[in-house]
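Colleague: fold the following and give me the result.
(one chain, ligands or ions: 1)
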Amino acid sequence: MKGFEVITALKNFISESDVIVSSNGNISREAYHILPKPQVYLRGSMGLPVSVGLGLALANPDKRIIVITGDGNFLMGLGSAITTAFYQLTNLKILILDNLKYFTTGGQQTVSSALNYSKFLDSLSIGYKASKEASMDRIDEDLSVFLNSESFSILHLAIKASKENLENIPWHPEEITEKITKRLTKSK
Ligand SMILES: Cc1ncc(C[n+]2csc(CCOP(=O)(O)OP(=O)(O)O)c2C)c(N)n1
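Modeller: Sure thing, here's the model as predicted:
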């Protein structure tokens, strides 16, 4: 499956109060085009989606925070995944879309193939964790279990490297911050 298809499937499982943090590049662009707006679209700040998700989950315990991250971003901020496992926030869900590449910048290979995600995730004391290939036949069930788990959860999905022809997000980082802050304060 492509990342675009996974995010399209995810759309059916999110509610109005969920906050989605997407990693910079294609994933944020896809999240912007597919999901209700505004969400937290990282731009430029590579390696930070998990840290930003953790901060939001701590500050908004009544909201479900769903982080969608590429493998390049996830590996760049790997230490923060261990920090999230330490805190075990039940409102935090991390979805890793692994295409083995820095696809946004031309498809250079990441070092993702050197990591055995199943063993890595097993080594963390987390309520729900899984590593598998994204498949059309199973995606709804996989997302449902991952998102509805009552514990902190991480789902690693191997996806096809592919890119839709999408326009860039028209908002500057400052505008994104302003819009999401407004949304979060309004609902408090
Ligand atoms: C510190 C830093 N290095 C490099 C970049 C350039 N850059 C932007 S997106 C990206 C690739 C991100 O890869 P991944 O998270 O695997 O997502 P994909 O593009 O494959 O969807 C890179 C290298 C950046 N923005 N910041």
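Colleague: roughly how far does the residue nearest to G107 when sequence neighbours are not counted sit from S162?
Modeller: Spatial nearest neighbour of G107, excluding adjacent residues (C-beta to C-beta, 6 or more residues apart in numbering): K101 at 4.9 Å. (Each C-beta comes from the backbone N, C-alpha and C, glycine too.) Computed as C-beta to C-beta, to the nearest Å, the K101 to S162 distance reads 10 Å.
Colleague: next one: G25
Modeller: For G25 relative to S162 (C-beta to C-beta), the value is 13 Å.
Colleague: need the overlap of contacts for the two.
Modeller: Jointly contacting G25 and S162 under the rule C-beta atoms under 8 Å, 6 or more residues apart in numbering are F103.
Colleague: neighbour count: the two, which is higher?
Modeller: The residue with more neighbours, out of G25 and S162, is G25; 20 against 13, by other C-beta atoms under 10 Å.
Colleague: show me what contacts the more buried one?
Modeller: M46, G70, F103, T104, T105.
Colleague: and the first one, what helix or strand is that in?
Modeller: With elements taken from DSSP states H and E, nothing contains M46; it lies in neither a helix nor a strand.
Colleague: same for the helix or strand hosting I7, what does it pack against?
Modeller: Per DSSP H and E: I7 is located in helix 3-11. Helix 3-11 is packed against helix 26-34, strand 65-70, strand 92-98, helix 139-148, with contacts defined by 3 or more C-beta pairs under 8 Å, 6 or more residues apart in numbering; DSSP states H and E.
Colleague: so which residue is dead centre in this protein?
Modeller: I68 (1.1 Å; C-alpha atoms, centre = their mean).
Colleague: partners of it in the sheet?
Modeller: Beta-bridge partners of I68, counted by DSSP bridges, are S22, L95.
Colleague: where's it relative to K119, distance?
Modeller: 23 Å.
Colleague: swap in G77?
Modeller: 19 Å.
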